[in-house]
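**Q** here is a sequence together with a model predicted from it:
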Amino acid sequence: ELAEVIVHTYVASHQARIAVSRFHREGELTLTAGQHSQQPDCTFQFLAGGRVFNVLFEIDRSTESVDSPYGQSIRNKLLGYEAYQDSVWQQWKAGGERGLRPYYRVVFLTRSIERAYHILTLAQTTARNPDRRLCYAATQESFLATADAIREPLFLDHHGHWQALAN
């Protein structure tokens, strides 16, 4: 599953002439903020139109309840990603807002659209900044079936708006 997502993402970015400037495979990147520590399944940094797009992928295998309080549950992942985004944003502000704005998107690829909706509902309730669009979701099937999966708005955010990975 993860290998298919990685290959498809590279192929789609190449076909769209969007550069992949950085890639981390599973277990290579750890995001830590306070008590939270997250390791996304993989991360991509895209360069398009002079802009940088940081995308963290979470492949959801539907093995436990979305709102489980345990370990690496979706709830704990969302809380961790929220805390990390707040942390890097505060560091950037404290540093005089120099350099690129430190933001990213977490993409949950699920087995069903219903599961994607459940994740987005939880993302909305756990959002520290409700206006921030941190979490996107789509089915893995739709992602893999979309040739231009980087620029096509096939991901829903927690406000119900369609988003692309790079626009």
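**A** Yep, it's here.
**Q** going forward, measure contacts and count neighbours with C-alpha atoms only.
**A** Noted.
**Q** bridging residues for residue 163?
**A** residue 155 (DSSP bridges).
**Q** err, residue 36, not the other one
**A** residue 33.
**Q** residues in contact with the helix or strand harbouring residue 122: which ones?
**A** Element membership for residue 122, per DSSP states H and E: helix 113-126. Residues from elsewhere that reach helix 113-126 (CA atoms under 8 Å, 6 or more residues apart in numbering): 62, 66-67, 74-75, 78-79, 108-110, 130, 135-139, 156-159.
**Q** ok, 7 Å please
**A** For helix 113-126, the surrounding residues in contact (CA atoms under 7 Å, 6 or more residues apart in numbering) are 66, 78-79, 110, 130, 135, 137-139, 157-158.
**Q** which one of those residues is nearest residue 46?
**A** residue 135 (17.1 Å; CA to CA).
**Q** ok, the closest one - contacts?
**A** Here residue 135 is in contact with 105-107, 123, 157-158 (criterion: CA under 7 Å, 6+ apart).
**Q** mind doing that once more with 8 Å?
**A** 105-108, 120, 123, 157-158.
**Q** residue 52: which element?
**A** Using DSSP H and E, residue 52 maps to strand 51-59.
**Q** picking that back up, save the contacts of residue 135 as CSV, and put in secondary structure too.
**A** Listed next are the contacts of residue 135 as CSV, based on DSSP: H, G, I helix; E, B strand; the rest coil:
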residue, secondary structure
105, strand
106, strand
107, strand
108, strand
120, helix
123, helix
157, strand
158, coil
